[in-house]
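# Only the shape, not the letters, is given here:
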């Protein structure tokens with residue numbers, strides 16, 4: 001036999017034998033079992049089951065721009081085949097091999113991935129005669145501990161002090177059977193980054209680049225209430241998902257198989273809200289959630305979409321801070337003064353003496369409020385637990401002696417929910433006037449809210465802007481330039497009272513035209529990071545005006561800043577913010593001086609007013625000045641869902 005003929009025979013043999021080799025499990029099976037395994041693989045190959053959208057959804061497969069397969073899961077243990085993360089076919093055939101795993105039931109792939117195997121059995125028609133179902137003791141014990149029959153989506157309001165929660169947070173609440181009136185005994189399904197409590201600039205960078213692992217966890221609901229409602233002073237909004245009993249079973253199977261694996265966590269895309277989209281698509285096949293978001297995934301947007309998809313109305317759960325403020329609003333001045341003393345280590349005895357003059361029901365109300373206020377101080381980190389306990393014990397003792405009393409009537413007023421809030425992405429267009437010249441402006445903002453936007457459904461007295469770009473075209477000069485570009489801008493006004501002593505603050509990274517340098521339009525662009533902190537206070541009069549005064553530091557960089565190309569300095573900013581219904585008003589002035597680089601001081605300010613015509617449409621007028629330059633503009637704003 002010559003060499004060419006031998007090579008031909010070898011290639012021919014391999015052509016027929018290799019498919020059988022790839023279909024064989026690692027350990028030899030009995031002939032009868034092997035025939036069953038080959039039969040199931042043949043059925044799968046005939047129908048090309050690995051191409052099914054459900055299989056791709058279960059395994060998180062995605063197509064690249066060039067048609068190749070990629071995967072989001074970063075833990076190789078999520079796959080049964082060595083190249084299962086990039087080959088749906090190999091992974092499906094390895095899963096079929098898993099039907100015939102020989103070993104402890106709890107270690108069988110079908111017990112590790114119960115939803116994956118439920119779909120496989122249905123898709124391929126695998127009967128118990130072909131492949132007996134194992135008893136998954138660990139999974140069944142976990143289900144029995146949870147003992148759930150309903151689920152709700154929970155949206156926790158934004159928390160500006162934590163970058164990863166600036167847009168809010170979403171998770172699932174799992175309602176236990178027969179626990180009506182004992183909500184804190186429920187469980188939650190939560191997806192979050194495992195940051196190991198790292199903070200600072202590296203925390204932000206790693207979160208933006210996906211260096212943190214994102215993980216699912218099932219934790220008691222009371223821990224989430226303590227984290228968000230109490231410590232974070234964040235309202236909770238619940239949206240019942242109205243799942244069928246079959247869908248609840250699917251939810252538990254999917255939660256079990258997702259609980260031990262992680263994904264790269266990115267603050268703006270693969271975040272807490274993103275993870276819930278494919279999860280819920282698995283529970284109710286046919287709904288389209290994930291495809292609605294291509295660039296950024298904002299928790300409030302996903303909560304809106306999920307609530308609309310499942311047809312649920314919100315249930316409002318106010319934060320501990322809002323509850324204490326509501327209770328305080330029902331106290332008289334005399335009762336408030338007594339409550340303030342009751343919460344003071346030095347004046348508690350005087351407070352106890354002061355309430356002796358009150359009727360029993362008002363005495364009880366004052367004691368209850370003082371206790372809640374101490375609880376808020378403790379949860380928000382403003383009072384040590386030991387000190388809070390020592391102050392609370394005499395109040396509880398005094399309250400117990402009064403017996404049953406009617407204290408606070410009703411409940412806190414429900415604010416507008418996120419379902420009533422404007423969408424997150426904004427376009428704007430308008431005209432600006434400077435002396436005798438008119439310029440046309442157009443803008444685009446990725447997210448979310450500035451001080452003149454309608455704040456229904458959003459945090460009061462705050463702003464959070466990301467990727468806000470404004471272009472300007474002046475016909476007289478034929479120039480088109482970037483007027484302003486905001487990378488990020490955060491403003492948090494916290495009105496100072498004797499009860500809530502919290503500072504106001506702001507931070508931003510912005511590109512702007514520094515016309516105070518004398519450069520012509522379009523040639524004065526500089527980059528400026530800035531940070532501010534100070535105080536604000538509100539008057540309880542018409543429009544409830546809020547006055548603020550902040551000190552700040554700033555750095556500027558750009559060729560328009562003289563020969564130095566930079567400046568570093570600081571200064572002060574003051575202003576007023578007010579609103580009445582759909583009308584909002586903001587005026588502020590700022591003076592900054594510079595001790596390094598370009599040293600000329602800067603006076604700047606704005607006066608603006610807006611009117612929300614509809615939920616997603618508004619009009620605004622603004623007058624702005626920088627040293628000797630000023631302009632007046634009128635703009636239309638239109639919000640749309642985030643792309």
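In hand now; what should we look at? Keep in mind that what you see is a predicted model, and the values were worked out from it rather than measured.

# so what's residue 589 closest to, chain neighbours aside?
Sequence neighbours aside, residue 605 is the residue nearest to residue 589 in space, at 3.7 Å (criterion: C-beta to C-beta, 6 or more residues apart in numbering). All C-beta spots, glycine's among them, are computed from the backbone N, C-alpha and C.

# Ok, residue 565 next?
Nearest residue to residue 565, sequence neighbours excluded (C-beta to C-beta, 6+ apart): residue 559, at 5.7 Å.

# Within the helices and strands, which one has that neighbour?
Secondary structure assignment for residue 559, by DSSP states H and E: no helix or strand.

# What is the neighbour count of residue 74?
Other residues near residue 74 come to 15 when the count uses other C-beta atoms under 10 Å.

# ok so, going back, off-centre distance for the helix or strand harbouring the residue nearest to residue 589?
In the assignment (DSSP H and E), residue 605 maps to strand 602-614. Strand 602-614 sits 28 Å away from the centroid of its parent chain (C-alpha atoms, centre = their mean, to the nearest Å).

# Pairing partners for that strand, with directions?
Sheet pairing of strand 602-614 (DSSP bridges) gives strand 583-597 (antiparallel), strand 617-626 (antiparallel).

# what about it, average pLDDT?
If you average the pLDDT over strand 602-614, you get 95.

# and if you look at stretch 263-274?
71.

# end to end, how far does it reach?
11 Å (C-alpha to C-alpha, to the nearest Å).

# ok, now stretch 329-346?
End-to-end distance for stretch 329-346, by C-alpha to C-alpha: 24 Å.

# quick one on the thing from earlier: next, format the strands paired with strand 602-614 as a markdown table and append mean pLDDT, mean neighbour count and distance to residue 251.
Below are the strands paired with strand 602-614 laid out as a markdown table (pLDDT from 0 to 100; neighbours: other C-beta atoms under 10 Å; distance: least, C-beta to C-beta, whole Å):
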| stretch | mean pLDDT | mean neighbour count | distance to residue 251 |
| --- | --- | --- | --- |
| strand 583-597 | 95 | 16 | 42 |
| strand 617-626 | 96 | 17 | 38 |
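
# would CSV of those strands with distance to residue 431 be doable?
Shown next, in CSV, are the strands paired with strand 602-614 (distance: least, C-beta to C-beta, whole Å):
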stretch, distance to residue 431
strand 583-597, 20
strand 617-626, 11
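
# right, and these - which one's nearest residue 421?
strand 617-626 (12.9 Å; C-beta to C-beta).

# who touches that closest one?
452-454, 514-516, 602-613, 630-639 (C-beta atoms under 8 Å, 6 or more residues apart in numbering).

# mind running it again at 6 Å?
The contact list for strand 617-626 (C-beta atoms under 6 Å, 6 or more residues apart in numbering) reads 452, 515-516, 604-612, 632-638.

# swap in stretch 32-46?
Contacts for stretch 32-46 (C-beta under 6 Å, 6+ apart): 23, 93, 96, 100, 124, 126, 130.

# doesn't the last one fall inside a helix?
No: per DSSP: H, G, I helix; E, B strand; the rest coil, residue 130 lies outside any helix segment and is coil.

# Can you read off the pLDDT for the nearest residue to it once chain neighbours are set aside?
Closest residue in space to residue 130, ignoring its immediate chain neighbours: residue 36 at 5.0 Å, by C-beta to C-beta, 6+ apart. We have a pLDDT of 84 for residue 36.

# Run a quick neighbour tally on residue 36.
There are 19 residues near residue 36, going by other C-beta under 10 Å.

# Also residue 443?
The number of residues near residue 443, taken as other C-beta under 10 Å, comes to 18.

# The helix or strand harbouring it: what's the following helix or strand?
In this structure, residue 443 is located in strand 437-449 according to DSSP H and E. Using DSSP H and E, the helix or strand that follows strand 437-449 in sequence is strand 462-474.

# gap between that following strand and the chain center?
Worked out by C-alpha atoms, centre = their mean, strand 462-474 lies 22 Å from the chain centre.

# tell me what it is packed against?
strand 437-449, strand 479-492 (3 or more C-beta pairs under 6 Å, 6 or more residues apart in numbering; DSSP states H and E).

# Pairing partners for the last one, with directions?
So the one you mean is strand 479-492. Within its sheet, strand 479-492 is paired with strand 462-474 (antiparallel), strand 504-513 (antiparallel), according to DSSP bridges.

# and residue 388, which of those strands is closest to it?
Short answer: strand 504-513, nearest of those by C-beta to C-beta, at 25.4 Å.

# buried sites along the closest one?
By 16 or more other C-beta atoms under 10 Å, the buried positions in strand 504-513 come out as 504, 505, 506, 507, 508, 510, 511, 512, 513.

# What is the nearest of those residues to residue 475?
residue 513 (17.9 Å).

# Roughly how far does the residue lying closest to that closest one once chain neighbours are set aside sit from residue 564?
Spatial nearest neighbour of residue 513, excluding adjacent residues (C-beta to C-beta, 6+ apart): residue 524 at 4.7 Å. Note on residue 524: its distance to residue 564, by C-beta to C-beta, to the nearest Å, is 15 Å.

# Those two: which has the busier surroundings?
More neighbours surround residue 524 than the other of residue 524 and residue 564, with 21 against 14 (other C-beta under 10 Å).

# circling back: of the contacts of strand 617-626, buried ones?
452, 515-516, 604-610, 612, 633, 635, 637-638.

# Residue 70 against residue 63, yeah?
No: with contact defined as C-beta atoms under 6 Å, residue 70 does not count as touching residue 63 (7.7 Å).

# Can you pull the residues that touch both of the two?
What both residue 70 and residue 63 touch, as defined by C-beta under 6 Å, 6+ apart, is an empty set.

# where does the stretch 251-400 of the chain dip in pLDDT?
266-270 (pLDDT under 70).

# the strands in it, which residues?
Remark: strands assigned in the stretch 251-400 of the chain by DSSP state E, counting those that start in this stretch are 262-265, 315-317.

# Looking at those, which is nearest to residue 159?
Each of these has some distance to residue 159 by C-beta to C-beta; the shortest is strand 315-317, at 15.4 Å.

# Quick one: list the elements packing against the helix or strand harbouring residue 638.
Taking DSSP H and E as the definition, one finds residue 638 inside strand 629-640. Where contact means 3+ C-beta pairs under 6 Å, 6+ apart, strand 629-640 is packed against strand 425-434, strand 617-626.

# Reformat those into CSV and put distance to residue 312 next to each item.
Below are these laid out as CSV (distance: least, C-beta to C-beta, whole Å):
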stretch, distance to residue 312
strand 425-434, 24
strand 617-626, 26
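
# Could you check the ones you listed and tell me which one is nearest residue 220?
strand 425-434 (36.2 Å).

# Buried residues of the closest one, list them for me.
By neighbour count with 16+ other C-beta under 10 Å, strand 425-434 contains the buried residues 425, 426, 428, 430, 432.

# how about those residues in JSON lines, adding pLDDT and distance to residue 313?
As requested, the buried residues of strand 425-434 are arranged in JSON lines below (pLDDT from 0 to 100; distance: C-beta to C-beta, whole Å):
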{"residue": "425", "pLDDT": "93", "distance to residue 313": "25"}
{"residue": "426", "pLDDT": "96", "distance to residue 313": "27"}
{"residue": "428", "pLDDT": "97", "distance to residue 313": "32"}
{"residue": "430", "pLDDT": "96", "distance to residue 313": "37"}
{"residue": "432", "pLDDT": "94", "distance to residue 313": "43"}
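
# Of those residues, which is the nearest to residue 136?
residue 425 (44.5 Å).
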